[in-house]
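**Student:** Model the structure of this input:
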Amino acid sequence: MTTTGPAQRFDPADFIGRVAHREDVPAEVAERHAAVVLTALGQALDDESYRHLTERLLREP
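**Tutor:** Model prediction:
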């Protein structure tokens, strides 16, 4: 995954809000979409890579 600027920290609610805004859907739909993406990543990545990703996502800012 790439970005055009520096990484930003935000809490889970803000993350879902950003997904909802980008997709132009309600927060409940965005939350389901994010869960599907994380599930797919869990299946695509090896265990260590997925653990590394989720540890970073779940860390408090």
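**Student:** Which neighbouring elements make contact with the longest helix belonging to the chain?
**Tutor:** Longest helix of the chain, by residue count under DSSP state H: helix 27-44. Contacting helix 27-44 under the criterion 3 or more C-beta pairs under 8 Å, 6 or more residues apart in numbering; DSSP states H and E are the following elements: helix 12-23, helix 47-58. Placement of C-beta: from N, CA and C, glycine included.
**Student:** now it and helix 47-58, what's the angle there?
**Tutor:** Counting by axes from the mean of the first three to the mean of the last three C-alpha atoms, to 10 degrees, helix 27-44 points 160 degrees away from the direction of helix 47-58.
**Student:** I'd like the mean pLDDT over helix 27-44, please.
**Tutor:** The predicted model assigns helix 27-44 a mean pLDDT of 95.
**Student:** mind listing what's buried in that helix?
**Tutor:** Applying a neighbour-count criterion of 16 or more other C-beta atoms under 10 Å, one finds 30-31, 33-34 buried in helix 27-44.
**Student:** Would you point out the most distant pair within the residues you listed?
**Tutor:** Of all pairs drawn from the buried residues of helix 27-44, the one with the largest separation by C-beta to C-beta is Glu31 and His33; the distance is 7.3 Å.
**Student:** what is in contact with these two at once?
**Tutor:** Residues touching both Glu31 and His33 by C-beta atoms under 8 Å, 6 or more residues apart in numbering: Val19.
**Student:** Quick check, pLDDT for the closest residue to Leu38 other than its chain neighbours.
**Tutor:** Of all residues not flanking Leu38 in the chain, Thr54 sits nearest, at 7.6 Å (C-beta to C-beta, 6 or more residues apart in numbering). Residue-level confidence at Thr54 comes out at 80, pLDDT.
**Student:** Relative to Arg22, how far out is Asp47?
**Tutor:** When C-beta to C-beta, to the nearest Å is the yardstick, Asp47 and Arg22 sit 29 Å from each other.
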